[in-house]
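Undergrad: Sequence first, then the predicted structure, then my questions.
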Amino acid sequence: MSTTFTVNDMTCNHCAGVITKAVKDVDANAKVDIAVAEKRVVIDSTLPAQEFAEAIAEAGYTPVAA
């Protein structure tokens, strides 16, 4: 199952790394595809999107379901 978020406050590769770590802390097996320029985070996992949204928010970013 694929989940897509728009993260408008993600501005650089460091941000992408922080978000990737937050996602992997929830599901180490998740596939994370981040496009910084498009401010898009795509996560392939069997876990609910809400768990990833909460983890990204706790990391200091504002995920919006896309």
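TA: The structure has been received and is ready for your questions.

Undergrad: For this protein, which segments are assigned as helices?
TA: All helices of the chain, identified by DSSP state H, fall at 13-26, 49-58.

Undergrad: of the ones you listed, which approaches residue 6 most closely?
TA: Across the helices of the chain, residue 6 has its closest neighbour in helix 49-58 (11.1 Å, CB to CB). Placement of C-beta: from N, CA and C, glycine included.

Undergrad: Next, count neighbours for residue 48.
TA: Neighbour count of residue 48, defined by other CB atoms under 10 Å: 12.

Undergrad: May I have the phi/psi pair for it?
TA: As for residue 48, its main-chain torsions (degrees, to the nearest 10) stand at phi -60, psi 140.

Undergrad: Return the distance of it relative to residue 1.
TA: 9 Å (CB to CB, to the nearest Å).

Undergrad: same deal with residue 40?
TA: For residue 40, the distance to residue 1 - CB to CB - is 17 Å.

Undergrad: Restrict stretch 6-26 to CA atoms and write it as CSV.
TA: Coordinates of each C-alpha in stretch 6-26 appear next as CSV, following Å, rounded to 0.1, in the frame of the first residue of the first chain:
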residue,chain,number,x,y,z
THR,A,6,3.0,16.7,0.6
VAL,A,7,5.5,18.3,3.1
ASN,A,8,5.7,22.0,2.2
ASP,A,9,8.2,22.7,5.0
MET,A,10,10.7,20.1,3.6
THR,A,11,13.3,22.3,1.9
CYS,A,12,16.5,20.3,1.5
ASN,A,13,18.2,16.9,1.6
HIS,A,14,18.8,17.1,5.3
CYS,A,15,15.0,17.5,5.8
ALA,A,16,14.5,14.4,3.5
GLY,A,17,16.9,12.5,5.7
VAL,A,18,15.1,13.4,8.9
ILE,A,19,11.8,12.4,7.4
THR,A,20,13.2,9.1,6.1
LYS,A,21,14.6,8.3,9.5
ALA,A,22,11.2,9.1,11.1
VAL,A,23,9.4,6.7,8.6
LYS,A,24,12.0,4.0,9.1
ASP,A,25,11.6,4.2,12.9
VAL,A,26,7.9,3.3,12.4
